[in-house]
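Chemist: task: produce atomic coordinates for the following.
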Amino acid sequence: MTRSHRIALSFPRAAAITVALGVCFGSATANAQAGNYPITPKQRSTAQQVAEAGVPLSELSPNAPDSYTVKTGDTLWAISGLFLTSPWRWPELWGMNLDQIRNPHLIYPGQILYLDKVNGRARLRVGSGENGVVKLSPRVREGDLSRDGIPAIALNLIEPFLNEAVIFDSNELAKAPRVVATPEGRTVLARGDKAYVRGDLGGARNFRLFREPQQALRDPTTNEVLGYEAFYLGTAELVRKGDASGAAKADDIVPDTFMLTNIRQEVRVGDRLSPVPPREFQNYVPRAPQSPISGQIVSVYGEAVAAGQNQIVSLNKGARDGLEKGHVLALWKDGPRMPDKTETGSPVIKLPDERHGYLFVFRVFDRMSYALILSVQEPVRRGDRFTQP
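Modeler: This is a model prediction of the structure:
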């Protein structure tokens, strides 16, 4: 069976079922896909508190439908926003179950979501067919499990950054393998070209290419260096170790030969190599952080000064601060200061800060994170503030 086609048995149910989201990248067995998703402390806490309760009716969107048929192109965030005023509270609406969260169920196009309202609380159940009645018989769905199910957000917005957007804890690329020469003395290289590399490869064969020097990412308030961001160029594969033919003299230095496999920007002498990390199961579950958190935007990814919806920003908080993949954060606009002309002397007053958008954390490092701007009313800039939603 190919990597892009796997078979899963699906048992739809008319009764309320638990739903969690798992999105897989890379090659692993179907069993691993079904059972090896981690349970975060936040998920477990939510499950314990609301496995049967649901959400208060006050949390429902004013226009929440009684039922909704899942369509291709839907996302969990958009569907949650259809039913809830606070989409990050979706685990409560679904009533996650501790026993089944270890084996997450994906939501598929064609399934019908029914909104049940009982005793002042609301929950969703999943079914298909008239009035949610389904046959309790197995059926086979064939396809790529990471693509058929409804993702948390539009994955095309973040997939390019899963390998490209990297924050290094130190200036480690300064000692990384480097491109030392090109065929025929060419100035720049493109996809399919060879590059000659020197440095310790550590036994790896597949590498990402970055431009030196790295950019130091500093905390907007303390000016502390939190990490280093390097400009991503593409990928390369080792095709021949230095002097594989054995024809070189004893004192000759023969570099390794690489083939450029995927290029975003031209490669040149001096560019650095870093091993491609193992692909991971990405468990993107949109939810609020378990504890209060407050931080600032460090930078806008790329060369832009300000960012808008669907752009990437780096944050000055990371794993050590309790951030996790899937956390939803609120963006705040500082209230302006202005004179109060109604009082003698016109004292300066500061208007309240206003929440004007949401972030979705998708990559977490020790001291920093990357987040996607889900929605925003004003341009986002370095130093802007975020909190739990």
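
Chemist: quick one, domains of the protein?
Modeler: 6-152, 162-275, 284-387 (automatic domain parsing).

Chemist: got the ones you listed as JSON lines, with mean neighbour count columns?
Modeler: (C-beta placed from N, C-alpha, C; glycine too.) Below are those laid out as JSON lines (neighbours: other Cβ atoms under 10 Å):
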{"stretch": "domain 6-152", "mean neighbour count": "16"}
{"stretch": "domain 162-275", "mean neighbour count": "16"}
{"stretch": "domain 284-387", "mean neighbour count": "17"}
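
Chemist: just flag whichever of those domains has the lowest average confidence.
Modeler: Ranked on mean pLDDT, the bottom entry among the domains of the chain is domain 6-152, at a mean of 61.

Chemist: please confirm that Glu229 is located within a strand.
Modeler: Yes: looking at Glu229 with DSSP: H, G, I helix; E, B strand; the rest coil, it is inside a strand.

Chemist: excluding chain neighbours, what is closest to it?
Modeler: Gln215 (4.9 Å; Cβ to Cβ, 6 or more residues apart in numbering).

Chemist: quick one: residues contacting that neighbour.
Modeler: Neighbour list for Gln215: Tyr228, Glu229, Ala230, Phe231, Ser299 [criterion: Cβ atoms under 8 Å, 6 or more residues apart in numbering].

Chemist: surely the third one and Ala216 touch.
Modeler: It stands for Ala230. No: using Cβ atoms under 8 Å, Ala230 makes no contact with Ala216, being 10.8 Å away.

Chemist: what's the helix or strand for Val239?
Modeler: Val239 is part of strand 225-240, with elements assigned from DSSP states H and E.

Chemist: note down every partner strand of that strand and its orientation.
Modeler: strand 167-168 (antiparallel), strand 206-218 (antiparallel), strand 256-263 (antiparallel) (DSSP bridges).

Chemist: how about the closest residue to Arg268 other than its chain neighbours, phi and psi?
Modeler: Leaving aside its chain neighbours, Arg268 sits nearest to Val188 (5.3 Å; criterion: Cβ to Cβ, 6+ apart). Val188 has phi and psi values of phi -130, psi 160 when expressed as degrees, to the nearest 10.

Chemist: measure Val188 to Gln265 for me?
Modeler: As judged by Cβ to Cβ, to the nearest Å, Val188 and Gln265 stand 9 Å apart.
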